[in-house]
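Colleague: Take a look and give me a structure for this.
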Amino acid sequence: MANIFHIVNGDAIIPLLEKSGIGGEIVVWREMLCEGPLDIEVASDEFWEKRYKFFEENFGIAKLDYFDKTIKEILKVNNFPLNAEVVMWFEFDLFCQINLMALCSYLLQNFRKGITYNLICTGLVKGKEKLQFLTDFTSEDFKILYENKLKLSKNNLVFAKTCWNIFVENDIEKIAKFNFSKKAKFQYFQLAMNEHLKRFPNENGFNQIDCKILEIINIKALSKNEIIRNLLIWQQQETVYGFGDLQYLLYLKKLNNCYTINTKKYYLNDTGKAIVN
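Modeller: Take a look at the predicted model:
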C-alpha cells in the first residue's frame, strides 16, 4: 500500500482529516501567496527572501518563526518516497487557488513517476446553494471526498505552473485574456482569477476591497475589529476571496491616508470622503 501524504491548505481541517480514519501523514501549507511579493520559482532562495521580508515588515513575524511554521512544512514536499500517494486538499476561493497553483508548480519541480498526485477541491455540491468549504463537511464526508479524488497528470501540473507564472507576472491584460479553465480538474482557477482582477486599481487608484472598506467606514464609525467583521460578512455573501483577518488588516493599513482614528473608531477624512462620493 502506498504511503499517503495529505497536503492541506491551513490547519482548520486537520481534526476532521484525523478523525476520518483515512490515515497518512499531514503536511500543512501555511502561506498566503495571494498577498505580497513573489518569485516564479517556488521555494527558491529569492522566493523565501521575499516572503521573509513581507511577513516581517507587515505582520512582525520573525524569520525564525516563519521558517519553523511555514518553510519546514513546505520543504517536506521534497521528501516524499517513490511510492507516495500525494493528496492535496483545497477549496474554491482565491486564497486557496493561488496556493494550489504554487503547490502544483513546486510539485512539478520535484516530479517523479513513482508518485501519484491527487486533488480534492471543494466548492460546488449538488443540492447546496452556496459553494462549500472543507469545514462544511463531516469527517465521514471526508472519506467520500477521498474516494472521489482526482488524479493529476504531469500535464495537469504543467498547466497549473503556467497559471502560477501568469499570476506572478501580474499583468492585468494577460490575466484577463488567459483561459484558466482549460483543464477541467482545476475547475475553480478561472473563478479565482476573475475575483483577482477586481483587486487591480481602478482609475482612481483603488480596488474593490479598498472601496468596500471606505464604504463601511463611511456608513458608520467603527473599531478595527468591527470593520474586519463587516468585511468577512461581505466576503462570505458576495465574493470568493477567502481572506482572513490579517489580510484585511493589511488593506485597512494601506488606506491610512483616507481616515482618522479617534477613541479607536475609524472616521473618513476629506480624502476618503472624496473617493466614496
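Colleague: Endpoints of stretch 179-187, how far apart?
Modeller: End-to-end distance for stretch 179-187: 11 Å, by Cα to Cα, to the nearest Å.
Colleague: Need the residues that contact that stretch.
Modeller: For stretch 179-187, contacts defined as Cβ atoms under 8 Å, 6 or more residues apart in numbering pick out 100, 119, 121, 123-124, 150, 152, 156, 159-160, 163, 189-190, 192-193. Any C-beta I mention is one placed from the backbone N, CA and C, and that applies to glycine too.
Colleague: repeat that for 6 Å
Modeller: For stretch 179-187, the external contacting residues (Cβ atoms under 6 Å, 6 or more residues apart in numbering) are 150, 156, 159, 163, 189-190, 193.
Colleague: Among those residues, which one is most surrounded by other residues?
Modeller: Highest neighbour count within the contacts of stretch 179-187, by other Cβ atoms under 10 Å: Cys163, with 28 neighbours.
Colleague: what's the nearest residue to that one if we skip its chain neighbours?
Modeller: Leaving aside its sequence neighbours, Cys163 sits nearest to Met101 (Cβ to Cβ, 6 or more residues apart in numbering; 5.0 Å).
Colleague: how about that neighbour, secondary structure?
Modeller: helix (DSSP: H, G, I helix; E, B strand; the rest coil).
Colleague: Where does pLDDT dip in the stretch 101-250 of the chain?
Modeller: For the stretch 101-250 of the chain, no stretch has pLDDT under 70.
Colleague: before we move on, the earlier item: nearest to Leu231, of the contacts of stretch 179-187?
Modeller: Closest approach between those and Leu231, by Cβ to Cβ: Met193, at 21.0 Å.
Colleague: Spit out the contact partners of the closest one.
Modeller: For Met193, the contacting residues are 175, 180, by Cβ under 6 Å, 6+ apart.
Colleague: would you turn the contacts of stretch 179-187 into CSV with distance to Asn58?
Modeller: Formatted as CSV, the contacts of stretch 179-187 follow (distance: Cβ to Cβ, whole Å):
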residue, distance to Asn58
Leu150, 35
Asn156, 33
Phe159, 31
Cys163, 25
Phe189, 26
Gln190, 29
Met193, 24
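Colleague: just checking, which of those residues belong to strands?
Modeller: Leu150 (DSSP state E).
Colleague: And the furthest pair within the contacts of stretch 179-187?
Modeller: Greatest spatial distance among the contacts of stretch 179-187 (Cβ to Cβ): Leu150 and Met193, at 19.7 Å.
Colleague: next one: stretch 9-28 to chain centre, how far?
Modeller: 18 Å (Cα atoms, centre = their mean, to the nearest Å).
Colleague: where does Asn118 land in three-state SS?
Modeller: Asn118, by the three-state scheme (three-state DSSP), is strand.
Colleague: how about the nearest residue to it, chain neighbours excluded?
Modeller: Closest residue to Asn118 apart from its sequence neighbours, by Cβ to Cβ, 6+ apart: Lys149 at 4.2 Å.
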